[in-house]
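Asks: Sharing a sequence plus its predicted fold:
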Amino acid sequence: SRQRYWGPPIPIVYCAAGGALPVPDDQLPVLLPPLDEFRPTGAGVSPLATVAEWVNTTCPQCGGPATRETDVSDNFLDSAWYFLRYTSTERDDVPWDDARVRRWLPVGMYTGGPEHATMHHLYARFISMALHDIGLLPHAEPFARLRLHGTITRDGRKMSKSRGNVVNPDEYIARYGADATRMALLFLGPFDEDADFSDRGVVGMVRFLARVWELCADDGRRTTDDQRPAAEESERRQWSVVGGRLVTRVTEELHARRFHTAIAALMEFANWLRGANELPAEQAAEARRTLVLLLAPFAPHISEELWERLGGAGSVHDAPWPAAAIVAETVHELAVQVDGRVRERIR
């Protein structure tokens, strides 16, 4: 992987008398020479080896003839500190601005695939710790939190062109929309576990979003016999309880990256709202706005449209996240008896 053109040249020169020597600091960085033909030669050497005027140089120790190392650093070397560079991309005099690094880093949450764990994440931690040890970074760990996602399979097998089971999301987005496709992926299962993709999941999300549209854009609360049973009278009168539980559940599930269960909560609430025919108009409007606000992270486009139709100010993505009301619940104490003796009391 290092015998290619792209990448930082390794700053080493070889001298017959002195052996392998580092390029002096005042000659760094070693830049790539312009090269018209940069494809691998197939001869087991880097394309840089064909540029004689670049390869041949002077030994920094004895002043005699020397040759440059023609391999370049692995791409994982640069990807191991890109998050530092992102803070100061306009600076060409330093790799990063120290004040910005202290403000923005370490990375709060890193989400990636498990295939990076043994290379990219390992190198990123090594380089961060090394820079910290020599006083160039205020923190040793590059990422405060790390969450690795699972693999999406098709028909129980890893997707591969050779197997012909690769799913192109563009086709689903063109047919069903980005929101339905996105939610179908999030609904597959736990974020950090493997899951199998199916067309049924996308179609199911299309139906759910159509139901939300009916509820919010068309005020489609139904009373026909083919709908789910309406909520109980007591529950209809306690929108604050139902809404508070919904907001709490979705908020907690989002923080825990349990997207599938957060979406399930939204589905349950949409069913409840559809049957809550006696909900006062003001509470019904608040319930619909809350549903759209909680749906926005999962289906950003339809939520934006519905928010405007519901009279929301500005963008739904700039609106405050709903606050969960503290729900008062009755506490019962149960006495647990074994052989006539109280062994435990459970609240």
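Replies: Here it is on my side, so go on.
Asks: next SSE after the helix or strand bottoming out on mean pLDDT in the chain?
Replies: The weakest-scoring helix or strand in the chain, judged by mean pLDDT, DSSP states H and E, is helix 233-236 (a mean of 50). Using DSSP states H and E, the helix or strand that follows helix 233-236 in sequence is helix 239-255.
Asks: Alpha carbons of that following helix, in CSV - could you do that?
Replies: The C-alpha atoms that make up helix 239-255 are tabulated as CSV, following Å, rounded to 0.1, in the frame of the first residue of the first chain:
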residue,chain,number,x,y,z
TRP,A,239,-52.2,14.5,27.1
SER,A,240,-49.5,15.9,29.4
VAL,A,241,-48.9,12.4,30.7
VAL,A,242,-48.9,10.7,27.3
GLY,A,243,-46.8,13.5,25.8
GLY,A,244,-44.4,13.6,28.7
ARG,A,245,-43.7,9.9,28.5
LEU,A,246,-43.2,10.1,24.7
VAL,A,247,-40.7,13.0,25.0
THR,A,248,-38.8,11.3,27.8
ARG,A,249,-38.7,8.0,25.9
VAL,A,250,-37.6,9.4,22.6
THR,A,251,-35.0,11.7,24.2
GLU,A,252,-33.5,8.8,26.2
GLU,A,253,-33.4,6.5,23.3
LEU,A,254,-31.7,9.1,21.1
HIS,A,255,-29.0,9.6,23.6
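Asks: After that helix, which helix or strand is next?
Replies: Next helix or strand after helix 239-255 toward the C-terminus (DSSP H and E): helix 259-275.
Asks: From the chain's centroid, how far away is the helix or strand just after that following helix?
Replies: Counting by DSSP H and E, the next helix or strand C-terminal to helix 259-275 is helix 281-295. Helix 281-295 sits 27 Å away from the centroid of its parent chain (C-alpha atoms, centre = their mean, to the nearest Å).
Asks: Give the buried residues for helix 281-295.
Replies: Neighbour counts over helix 281-295 (16 or more other C-beta atoms under 10 Å) mark 283-284, 286-295 as buried. C-betas here are computed from N, CA, C, even on glycine.
Asks: if we take those residues, which one ends up nearest to A140?
Replies: Proximity of the buried residues of helix 281-295 to A140 was ranked by C-beta to C-beta; the top entry is L294 with 37.6 Å.
Asks: In contact with the closest one, which residues?
Replies: Listed by C-beta atoms under 8 Å, 6 or more residues apart in numbering, the contact set of L294 reads 246-247, 250, 266, 322.
Asks: Sounds good, over and out.
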